[in-house]
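Asker: when you get a sec, could you give me coordinates for this:
(one chain, ligands or ions: 1)
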Amino acid sequence: MSHPNIEELLAKLPGSLTAHESQSRFSHIWKTDEPLQCKGVCFPKNTQEVSNIMKWCHNNQQEVVVHGGLTNLVGGTKTHAHQLVVSLEKMNRVDSVDSDNRIVTAQAGAILETVMQAAEKQDLFLPLSFGARGSAQVGGVISTNAGGLRVFRYGMTRNWVLGLEVVLPNGTIIENLKTLRKDNSGIDLKQLFIGAEGILGVVTKVVFRLIEKPQTRHSAILTTNNYKNLLQTLRYFDQSLGARLTGFELMWENTFKTITAKNTHYQSPLQKLEKYIIFVEVLGKESSRDIQDLQDACTYGFDQGWIVDAGFFDTKSSQDECWKIREDVAVLEANSPHNQHFDISIPIDQIENIVNKIVQKLKSLDGVFEVYPFGHIADGNIHLIVGKQTDHKQLTQQINEIVYQPVAEVNGSISAEHGIGLDKKPYLFLSRTQDEINIMKGIKQLFDPKNILNPGRIID
Ligand SMILES: Cc1cc2nc3c(=O)[nH]c(=O)nc-3n(C[C@H](O)[C@H](O)[C@H](O)COP(=O)(O)OP(=O)(O)OC[C@H]3O[C@@H](n4cnc5c(N)ncnc54)[C@H](O)[C@@H]3O)c2cc1C
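Answerer: The predicted model follows:
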């Protein structure tokens, strides 16, 4: 490997950090006590600066790791001492919200929540939503094709991107900031960068499409004792509430109990607690009709014996509390000295069996003390946080195998939404054929023949 003189580059970029100064930073928001190892960090302020950086790195064979909001859960932003970090945090402008065309244009370093709020000020709505929306940057969200709490109704990030501006590993700027809903003029190249985890280019700007902002929001937490009843409830709610049903999330009893335990500041609204806890969101237009329809759907569920207890949330503050119970996985993290995260996709009808099988096997493993399942049940996407006593490599591998094997057997996915990064790369073959992996490698070679941008993520 060559050793380019990085000072030459950093000197041209005021505000950059040297290797030593970079140690005040970190590679993940949950690992702030682990100093960042790298040759330096630069903070481009515009697309041209990103292009200049990439051109220099390409010419000097300098490896680059792109840092967004650092909320990914697959080791995507980990670095080595010989790598340069390019952080998009200074490119954080929301350029415009265009209410006639119903679009928002933003730089890649803008925080997702800021972009959502800018749209809402104009009565428009970007329905991407997940726990890390206050830290994740739109460039990171696009590069991971993030999902979240409303995917079953609105789709993943890909569904909302109309245009992208990207800097290729050799510094070429690809500007495709179209604002069109329909454009079949050849291969839709922007799709390649969505979910590519930054291995093909640095996203610098985005145009998202928007929809009209819902006027009302209502939420409920329900509990049911049996998986069949849970699926019946989902189908009935979807039929009776239609497009207004925008969230249908699931938590297993032990996960819910841990988050609402006395040592946390969350309180359960339920008198009775059964095996499954469902979180429902209804977005609509007429408050009294929406709450009535939600309550009617629950009453039907009670009459059928599907639902055992329910709590309703109407005010903004009570709904925020309700959804924090679902989103605040940091409580589960804090409960485990070491942990592993999973983000699997399984056909919906098989979730109960497979999760039971996995939990049983994990709990019989020395070193594992708890398994917390929860997730986006309507999408067949389940998250597991496995609490363990140590970070020993052998235990980590045993846990991975216990989780991934049954997923592969039902043609599921080892990553529903978090991506592959560095951590899941050894298991990619369980979800993708060798032919597919070879095509990914060919695309990487085409865009980045020197393998300098986010090397080692997804593929080698
Ligand atoms: C509490 C919590 C809840 C979460 N819930 C969900 C969820 O429900 N659904 C979901 O999908 N994810 C979820 N995530 C994961 C994470 O928030 C998403 O993957 C998010 O999109 C990452 O954005 P980021 O800006 O933090 O990216 P980072 O973590 O900084 O980077 C992610 C990857 O993208 C690359 N990258 C970042 N910016 C750019 C850019 N501008 N151009 C090219 N490459 C870039 C990085 O190099 C890295 O490989 C959650 C995370 C947390 C901590």
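
Asker: host element of residue 359?
Answerer: helix 351-363 (DSSP states H and E).

Asker: which other residues reach the helix or strand just after that helix?
Answerer: Using DSSP H and E, the helix or strand that follows helix 351-363 in sequence is strand 368-376. With contact meaning C-beta atoms under 8 Å, 6 or more residues apart in numbering, strand 368-376 is reached by 147-149, 151-152, 249-252, 254-255, 258, 326, 329, 332, 335-336, 355, 358-359, 362-363, 381-389, 395, 399, 416. The C-beta positions use only the backbone N, C-alpha and C, and glycine is treated the same way.

Asker: same for the ligand: which of those are within range?
Answerer: 147, 148, 329 (C-beta under 6 Å from any ligand atom).

Asker: now, which of the residues you listed lie within helices?
Answerer: Using DSSP state H, no member of those falls in helices.

Asker: any idea how far the residue nearest to residue 451 when sequence neighbours are not counted is from the ligand?
Answerer: Once flanking residues are discounted, residue 451 sits nearest to residue 444: 7.4 Å by C-beta to C-beta, 6 or more residues apart in numbering. Computed as C-beta to the nearest ligand atom, to the nearest Å, the residue 444 to the ligand distance reads 13 Å.

Asker: residue 444 should be in a helix, yeah?
Answerer: Yes: the assignment for residue 444 is a helix, going by DSSP: H, G, I helix; E, B strand; the rest coil.

Asker: do I have it right that it meets residue 459?
Answerer: Yes: shown here, residue 444 and residue 459 form a contact pair, counting by C-beta atoms under 8 Å, at 6.3 Å.

Asker: compare neighbour counts for the two and give me the winner.
Answerer: More neighbours surround residue 444 than the other of residue 444 and residue 459, with 22 against 16 (other C-beta atoms under 10 Å).

Asker: re earlier: show me which positions of the helix holding residue 359 end up buried.
Answerer: Under the neighbour-count criterion of 16 or more other C-beta atoms under 10 Å, helix 351-363 has 351, 352, 354, 355, 358, 359, 361, 362 buried.

Asker: what parts of the stretch 101-250 of the chain come near the ligand?
Answerer: 108, 130-132, 136-137, 139-141, 143-144, 146-148, 197-198, 202-203.

Asker: and if we set it to 8 Å?
Answerer: 108-109, 112, 130-133, 135-149, 156-157, 166, 193, 196-199, 201-204 (C-beta under 8 Å from any ligand atom).

Asker: please convert the buried members of these into ChimeraX selection syntax.
Answerer: With 16+ other C-beta under 10 Å as the criterion, this ChimeraX line picks the buried residues out of those:
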select :108,109,112,130,131,132,133,136,137,138,139,140,141,142,143,144,145,146,147,148,149,156,157,166,193,196,197,198,199,201,202,203,204
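
Asker: list the buried residues of the helix or strand bottoming out on mean pLDDT in the chain.
Answerer: Least confident helix or strand, the chain: helix 330-334 with a mean of 89, by mean pLDDT, DSSP states H and E. Buried residues in helix 330-334, defined by neighbour count with 16+ other C-beta under 10 Å: 331, 332.

Asker: quick one: the residue lying farthest from the centre of the chain from the ligand, how far?
Answerer: Here the centre of the chain is the reference, and by C-alpha atoms, centre = their mean the most remote residue is residue 303, at 36.8 Å. For residue 303, the distance to the ligand (C-beta to the nearest ligand atom) stands at 33 Å.

Asker: shouldn't that residue be within a helix?
Answerer: Yes: in this structure, residue 303 lies within a helix as judged by three-state DSSP.

Asker: state the pLDDT value of it.
Answerer: On the pLDDT scale, residue 303 is placed at 98.

Asker: quick one: contacts for it?
Answerer: So residue 303 contacts nothing (C-beta under 8 Å, 6+ apart).

Asker: now swap in residue 429 and tell me
Answerer: Counting by C-beta under 8 Å, 6+ apart, residue 429 makes contact with residue 437.

Asker: shouldn't residue 91 be in contact with residue 45?
Answerer: Yes: with contact defined as C-beta under 8 Å, residue 91 reaches residue 45; the gap is 6.5 Å.

Asker: and residue 211, how many neighbours does it have?
Answerer: Quick note: residue 211 (other C-beta under 10 Å) scores 13 neighbours.

Asker: residues contacting the nearest residue to it once chain neighbours are set aside?
Answerer: The shortest distance from residue 211 to any non-neighbouring residue, by C-beta to C-beta, 6+ apart, is to residue 125 (5.2 Å). Residue 125 makes contact with 116, 119, 210, 211, 212, 213, 214 under the criterion C-beta under 8 Å, 6+ apart.

Asker: if I look at the second one, what pLDDT would I see?
Answerer: The predicted local confidence for residue 119 comes out at a pLDDT of 98.

Asker: one more: the third one?
Answerer: Looking at residue 210, its pLDDT stands at 98.

Asker: try the last one
Answerer: Taken from the predicted model, the pLDDT recorded for residue 214 is 97.

Asker: please begin residue numbering at 182 from this point
Answerer: Okay, residue one is now 182; in that scheme the one you just asked about reads as residue 395.

Asker: report how many residues lie close to it.
Answerer: 17.

Asker: in the next helix or strand after the least confident helix or strand of the chain, which residues are buried?
Answerer: Next in sequence after helix 511-515, counting helices and strands by DSSP H and E, comes strand 519-526. Residues 520, 521, 522, 523, 524, 525, 526 are the ones in strand 519-526 that count as buried (16+ other C-beta under 10 Å).

Asker: excluding chain neighbours, what is closest to the third one?
Answerer: Among residues not flanking residue 522 along the chain, residue 254 sits closest, at 4.9 Å (C-beta to C-beta, 6+ apart).

Asker: my guess is that neighbour contacts residue 523. True?
Answerer: No: here residue 254 does not reach residue 523: they are 9.3 Å apart, not a contact under C-beta under 8 Å.

Asker: shouldn't residue 472 be within a strand?
Answerer: No: counting by three-state DSSP, residue 472 is located in no strand; its state is helix.

Asker: let me see the ranges of the helices in the stretch 332-481 of the chain.
Answerer: 332-335, 371-374, 408-422, 434-440, 468-485 (DSSP state H, counting those that start in this stretch).

Asker: so residue 263 touches residue 245, yeah?
Answerer: No: contact criterion C-beta under 8 Å: residue 263 and residue 245 do not qualify, at 11.0 Å.
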